[in-house]
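[1] any chance you can model this:
(one chain, ligands or ions: 2)
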Amino acid sequence: MTKISDVEAILLGKEITSAKWASLMVLVRVVTTDGRIGYGETVTALRANAVVDLVKKINKVMKGKDVFDLEKNKMEWYKQDFNMSISLESTTAYSAFDIASWDIIGKEFGVPIYKLLGGKYRDRIKLYANGWYQNAVTPEDFAEKAKEVVKRGYKALKFDPFGSYFHFIDKKGLKEAEERVKAVREAVGDDVDILIEHHGRFNVDSAIEIAKILEKYNPLFVEEPVHPEDVEGLRKYRSFTKLKIALGERIITKTQALEFMKEGLVDYLQIDLYRIGGVTEAKKVVGIAEAFDVLMAFHNAQGPILNAVTLQLDTVIPNFLIQESFYEWFPSWKRELIRDSTPVENGEALVPEKPGIGVDFNEKMIEELRVKEEVFEPGEPLWVVKGTWKDY
Ligand SMILES: O=C(O)C(=O)C[C@H](O)[C@H](O)CO
Ligand SMILES: [Mg+2]
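    Ligands and ions are numbered 1, 2, ... in the order given. As a prediction, this is how the structure comes out:
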């Protein structure tokens, strides 16, 4: 029996100037009494220390349990934690534990977990690039960086053109945003998809004003156009525009996902395995989405373990649209951690084939990168135009 002996959150970090937002990584290592090891990963900036604290509690609850008992273990955490269904920190900590459990289970059978989840539906996984527009300010900056992305072979790229506008956007902000979108559209041409990230920052009136300018640029989707909890606003937005709506990175339960789909408020669902409850819960949400003809576009903005396990699910599911990827814009140490075994080729990824989540983890790097606590401030969020956000 693969009995759990230890669940540990390990903060890895390296001070980086270029992509401070990615300077941290929270690894979760699960070890069984007979020495099997599995890796999960969880949030980086904004909540890392709180999540690390919850992983310590998961360790107490899961000691002695069987790593194969995925449903029973999740229900036990749901019972013990009492707040799992309303706590991002709790679901995030648990998601990493579930992913590490699947890593051990796959290794136990000597197969990558996609073979346990339904096999290959597709060989190549279409990606869209994110993280590429760091430090871009002017429309020319955005256009130049967008051209570099296309030169790498990507056929889709996402960006947030709204600077530091929050809740409201005025005529000046709309003009600046449109100039960036226009510059990118002209730089990449009509055969490359542009995806417009709003980061859930706007009230619905502002979101509708933005939709009016975006329609002519034919984005593949608009992401989180209104505040995540603003369902009334989303209904109003939905009735106003034909733009395809993508959301879900902040959804933490399948019930929340169902509510959006029941009302037809989402076209592309972006749940993240590190928030929804790991592989086990994500696969259930994929099934619900399939019943509503909703396509999946998993959020994937953290590190190499999450990237690898998300690719496992991408290769399996029938209702797949596209996969977010920061992989080529991670700090290089994050790629080295998995010996760069999920390379991007021409804007596509292949599912990693090693047993478990599919990658060969470079354990020697753990001690070199281990940090005591979240020491690096996330700094200015990646998604704002440089210098327009107060870095507290
Ligand atoms: O990748 C996305 O869609 C994001 O919205 C990235 C977020 O900014 C990031 O996950 C915040 O930590
Ligand atoms: Mg987003």
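
[2] when you work out contacts or count neighbours from here on, use the C-alpha atoms and nothing else.
    Noted.

[3] grab the nearest non-local neighbour of the residue nearest the centre of the chain.
    Closest residue to the average C-alpha location of the chain: N300 at 2.2 Å, with Cα atoms, centre = their mean. Nearest non-adjacent residue to N300, counting by Cα to Cα, 6 or more residues apart in numbering: E324, 5.7 Å away.

[4] same question, Y114
    Nearest to Y114 is Q312, by Cα to Cα, 6+ apart, at 5.1 Å.

[5] that neighbour reaches V351, doesn't it?
    Yes. Counting by Cα atoms under 8 Å, Q312 touches V351, with 5.9 Å between them.

[6] quick one: H198 and F162 touch, right?
    Yes. Assessed by Cα under 8 Å, H198 is found in contact with F162 at 7.4 Å.

[7] which of these two has more neighbours?
    Shown here are H198 and F162; by other Cα atoms under 10 Å, F162 has more neighbours (25 against 22).

[8] OK, contacts around the more buried one?
    Applying Cα atoms under 8 Å, 6 or more residues apart in numbering, we find F162 in contact with 173-174, 176-177, 198, 384-385.

[9] find residues that contact each of Q312 and V351.
    Each of G358 lies in contact with both Q312 and V351 under the rule Cα under 8 Å, 6+ apart.

[10] in the longest helix along the chain, what's buried?
    Counting by DSSP state H, the longest helix found in the chain is helix 88-109. Residues of helix 88-109 classed as buried by neighbour count (16 or more other Cα atoms under 10 Å): 88-107.

[11] ok, stretch 204-222 next?
    Buried positions in stretch 204-222, judged by neighbour count with 16+ other Cα under 10 Å: 204-208, 210-211, 214, 217, 219-222.

[12] what is the mean pLDDT for that stretch?
    The pLDDT scores in stretch 204-222 average 98.

[13] now do it: distance to the chain's middle.
    Chain-centre distance of stretch 204-222: 23 Å, with Cα atoms, centre = their mean, to the nearest Å.

[14] please put the alpha-carbon coordinates of that stretch into PDB.
    The C-alpha coordinates for stretch 204-222 follow below in PDB (Å, rounded to 0.1, in the frame of the first residue of the first chain):
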ATOM      1  CA  VAL A 204     -19.400  46.200 -16.900                       C
ATOM      2  CA  ASP A 205     -19.900  49.700 -18.500                       C
ATOM      3  CA  SER A 206     -16.200  50.000 -19.000                       C
ATOM      4  CA  ALA A 207     -16.000  46.400 -20.300                       C
ATOM      5  CA  ILE A 208     -18.700  47.100 -22.800                       C
ATOM      6  CA  GLU A 209     -16.900  50.300 -24.000                       C
ATOM      7  CA  ILE A 210     -13.800  48.100 -24.400                       C
ATOM      8  CA  ALA A 211     -15.800  45.400 -26.300                       C
ATOM      9  CA  LYS A 212     -17.000  48.100 -28.800                       C
ATOM     10  CA  ILE A 213     -13.300  48.800 -29.800                       C
ATOM     11  CA  LEU A 214     -12.200  45.200 -29.700                       C
ATOM     12  CA  GLU A 215     -14.800  43.700 -32.100                       C
ATOM     13  CA  LYS A 216     -13.100  45.100 -35.200                       C
ATOM     14  CA  TYR A 217      -9.800  43.300 -34.300                       C
ATOM     15  CA  ASN A 218     -11.500  39.900 -34.100                       C
ATOM     16  CA  PRO A 219      -9.900  38.500 -31.000                       C
ATOM     17  CA  LEU A 220     -10.200  34.700 -30.400                       C
ATOM     18  CA  PHE A 221     -11.500  35.500 -27.000                       C
ATOM     19  CA  VAL A 222     -11.700  38.200 -24.300                       C
END
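
[15] so it, near ligand 1 or not?
    No. Using Cα under 6 Å from any ligand atom, stretch 204-222 never reaches ligand 1; the gap is at least 10.6 Å.

[16] so which bits of the stretch 151-300 of the chain are right by ligand 1?
    199, 299.

[17] the closest residue to ligand 1 within the stretch 251-392 of the chain in helix, strand or coil?
    Taking Cα to the nearest ligand atom, ligand 1 has its nearest neighbour within the stretch 251-392 of the chain at A301, 4.7 Å off. What DSSP: H, G, I helix; E, B strand; the rest coil gives for A301 is coil.

[18] how many neighbouring residues does it have?
    Neighbour count for A301, taken as other Cα under 10 Å: 21.

[19] ok, and the closest non-adjacent residue to it?
    F326 (6.2 Å).

[20] residue contacts, that neighbour?
    129-132, 300-302.

[21] and K126, that's in a strand?
    Yes. Assessed by three-state DSSP, K126 belongs to a strand.

[22] what sits against it?
    K126 neighbours (Cα under 8 Å, 6+ apart): 322-323, 347-349.

[23] the same query, at a cut-off of 10 Å, please.
    154-156, 314, 320-325, 344-350 (Cα atoms under 10 Å, 6 or more residues apart in numbering).

[24] so in terms of bridging, what pairs with it?
    Counting by DSSP bridges, K126 forms beta bridges with E348.

[25] any figure for the gap between it and ligand 1?
    16 Å (Cα to the nearest ligand atom, to the nearest Å).

[26] let the chain start at 438 from now.
    Okay, using 438 as the starting number, the last item reads as K563.

[27] right, and the helix or strand after whatever helix or strand V489 lives in?
    Secondary-structure assignment from DSSP states H and E places V489 in helix 485-499. Once the chain leaves helix 485-499, the next helix or strand it forms, by DSSP H and E, is helix 507-518.
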